[in-house]
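Engineer: sequence and computational prediction follow.
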Amino acid sequence: MKLRRSTTAGIVAAAVLGLAGIVPAVATLKPADRPADQSLKALGMRHGLYIGTAVDTDALVDESDPTYRTKVASEFSTVTAENVMKWSELEPTRGTYNWEPADRLIAFAQKNRQQVRGHVLVWHNQLPEWLTEGVADGSIDKEELRALLKNHITNVVTHFRGKIWQWDVVNEAVTDPWATSDGVITYKGFWAENLGPDYIADAFRWARAADRKALLFYNDYNIDAFGDEGPSDKTFFVYKMVKDLKAKGVPIDGVGSQGHLATQYGNYDALQAAAALQRFSSLGLATALTEVDARSQLTEQVKAGNSAEINPRDQASAYNYSVLMQACLADRHCLSYTVWGFTDKHSWVSYTDLGDGKGNEGMATLLDENYQPKKAYNTLKADLAFAGGPLVQPRVPQRANPGRG
Ligand code: XIL
């Protein structure tokens with residue numbers, strides 16, 4: 001109501017001034033107000049939006065690289081452990097937990113008044129060998145496996161209780177259209193194979209039992225936009241899955257869209273990505289961009305420094321970051337926008353073989369290897385600075401779903 005009145009008043013005032021030929025005085029921006037001089041987190045707070053990064057906890061304590069931790073502290077309002085909250089890292093030996101690196105990250109976040117996204121409770125990757133080998137050799141049966149999962153979730157969520165804003169409870173539980181011969185999306189991976197898909201609802205219930213307040217997320221990639229809503233539409237499959245979980249009273253609070261993009265693909269535009277987030281949040285769920293990066297293929301020309309090949313990659317990367325930021329801004333329930341590393345000096349893209357050959361992809365983050373801003377960094381700032389009502393409104397806080405049944 002208020003908004004409509006002041007907007008109308010503004011239009012009327014502008015029209016009157018226009019008729020009279022008077023140019024309205026624009027308040028001069030103080031230098032400190034210029035977007036270029038502000039951090040990502042400060043610009044995000046204009047919208048109540050948290051801006052985050054995955055953190056490499058080794059780099060965080062590297063004496064020879066103080067810029068890394070300075071940037072984590074100054075640019076971001078939420079952090080995610082890139083690896084140290086994964087099961088293989090937390091419990092490398094059965095029954096012996098190594099909390100230290102994750103606790104260190106949380107202490108850092110608290111010191112810098114940052115929120116923490118917990119990543120990850122249930123995933124088929126980075127599981128400890130004692131667990132996967134035990135299942136493979138039959139020494140851990142299904143009943144014990146289910147008990148181990150419950151125990152793991154309970155221990156981890158309890159350890160970090162009160163310190164985690166959003167938990168990625170279940171990560172990457174479903175297939176991609178290209179991964180099966182018929183392209184039909186289904187459940188995938190170690191947990192579905194051994195326990196059946198009901199482990200998903202169980203995991204959310206166990207997490208909620210250990211922490212009444214943390215927001216509990218389902219997290220996945222390639223759910224940036226809806227397709228034809230047929231059997232090969234991964235986003236639609238996830239949509240139906242979370243809708244069903246909600247309907248059953250499972251305590252799920254949000255959907256995390258990872259946002260790992262690559263400039264060699266067509267990808268999506270901001271309207272498509274906004275529509276997807278809005279459709280998830282229309283179920284009463286929060287949304288978040290949880291692992292954004294936008295990589296490129298490193299051809300010989302790129303490696304040789306040919307700007308004719310480097311520039312279009314930087315521009316396309318910036319565009320992809322922007323698409324997801326605009327989508328997040330458009331959805332009032334999109335609570336945070338987290339990048340998966342902020343410098344090419346510490347980016348999983350450069351050391352992970354994702355099918356394109358090790359070392360042949362890179363340039364995926366906001367800052368180059370020397371922490372210099374790329375187009376993507378300034379583009380995100382511009383998106384945050386030059387957005388506002390009526391189409392971009394402050395965030396709507398999410399209340400933790402207690403679940404039922
Ligand atoms: C990645 C890390 O960035 C790497 O350091 C590690 O070697 C493998 O995992 N989806 C996820 C993240 O949910 O946990 C993954 O992180 C990237 C893909």
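Structural biologist: Structure's in. What do you need?
Engineer: quick check: closest non-adjacent residue to Gly259.
Structural biologist: Leaving aside its sequence neighbours, Gly259 sits nearest to Val292 (C-beta to C-beta, 6 or more residues apart in numbering; 3.9 Å). C-beta: built from backbone N, CA, C; applies to glycine.
Engineer: try Thr78
Structural biologist: Distances taken as C-beta to C-beta, 6+ apart place Gly52 nearest to Thr78, at 3.6 Å, with adjacent residues excluded.
Engineer: quick one: Val238 is in a helix?
Structural biologist: Yes. Counting by DSSP: H, G, I helix; E, B strand; the rest coil, Val238 is located in a helix.
Engineer: Ala201: what's it in contact with?
Structural biologist: Taking C-beta atoms under 8 Å, 6 or more residues apart in numbering, we find Ala201 in contact with Leu245, Lys248, Val250.
Engineer: Arg404 now?
Structural biologist: Here Arg404 is in contact with Gly249 (criterion: C-beta under 8 Å, 6+ apart).
Engineer: does Met85 sit in a helix, a strand or a coil?
Structural biologist: Secondary structure, three-state DSSP: Met85 is coil.
Engineer: just read off the phi/psi values of it.
Structural biologist: phi -110, psi 10 (degrees, to the nearest 10).
Engineer: three-state assignment of His119?
Structural biologist: Applying three-state DSSP: His119 is strand.
Engineer: would you agree it is in contact with Thr80?
Structural biologist: Yes. His119 is within contact range of Thr80, at 5.0 Å (criterion: C-beta atoms under 8 Å).
Engineer: okay, and the common contacts of these two?
Structural biologist: In contact with both His119 and Thr80: Ala54, Thr290, using C-beta under 8 Å, 6+ apart.
Engineer: and the residue in the stretch 301-405 of the chain that the ligand sits nearest to, how many neighbours?
Structural biologist: Closest to the ligand within the stretch 301-405 of the chain is Trp348: 3.2 Å, counting by C-beta to the nearest ligand atom. Around Trp348 there are 19 other residues, counting by other C-beta atoms under 10 Å.
Engineer: quick check: phi and psi on it?
Structural biologist: phi -60, psi -20.
Engineer: list the contacts of it.
Structural biologist: Residues near Trp348 by C-beta under 8 Å, 6+ apart: Glu82, Trp340, Gly341.
Engineer: confidence score at Tyr268?
Structural biologist: On pLDDT, Tyr268 comes in at 95.
Engineer: which non-adjacent residue is nearest it?
Structural biologist: Ala225 (4.2 Å).
Engineer: among the contacts of Ala201, which one lies nearest to the ligand?
Structural biologist: Distances from the ligand to these, taken by C-beta to the nearest ligand atom, are shortest for Leu245, at 19.3 Å.
Engineer: check which helix or strand that closest one maps to.
Structural biologist: Leu245 is part of helix 234-247, with elements assigned from DSSP states H and E.
Engineer: coming back round to it: and the residue nearest to Tyr268, how many neighbours does it have?
Structural biologist: By the criterion of other C-beta under 10 Å, Ala225 has 21 neighbours.
Engineer: sorry, back to before: out of the contacts of Trp348, which are close to the ligand?
Structural biologist: When the contacts of Trp348 are checked against the ligand using C-beta under 6 Å from any ligand atom, the ones in range are Glu82.
Engineer: now do stretch 321-335: distance to the chain's middle.
Structural biologist: Computed by C-alpha atoms, centre = their mean, to the nearest Å, the chain-centroid distance of stretch 321-335 equals 11 Å.
Engineer: on that earlier part again, my read is the residue nearest to Thr78 is in a strand, agree?
Structural biologist: Yes. Under three-state DSSP, Gly52 sits within a strand.
Engineer: what's the distance between it and Gln166?
Structural biologist: Gly52 sits 10 Å away from Gln166, going by C-beta to C-beta, to the nearest Å.
Engineer: name the nearest residue to the residue in the stretch 1-150 of the chain that the ligand sits nearest to, sequence neighbours excluded.
Structural biologist: Per C-beta to the nearest ligand atom, Glu82 is where the stretch 1-150 of the chain lies closest to the ligand, at 4.8 Å. Computed as C-beta to C-beta, 6+ apart, the closest residue to Glu82 that is not its neighbour in sequence is Ala54, at 4.0 Å.
Engineer: Thr343 is in contact with the one you found, correct?
Structural biologist: No. Applying C-beta under 8 Å as the test, Ala54 and Thr343 come out as separate, 11.2 Å apart.
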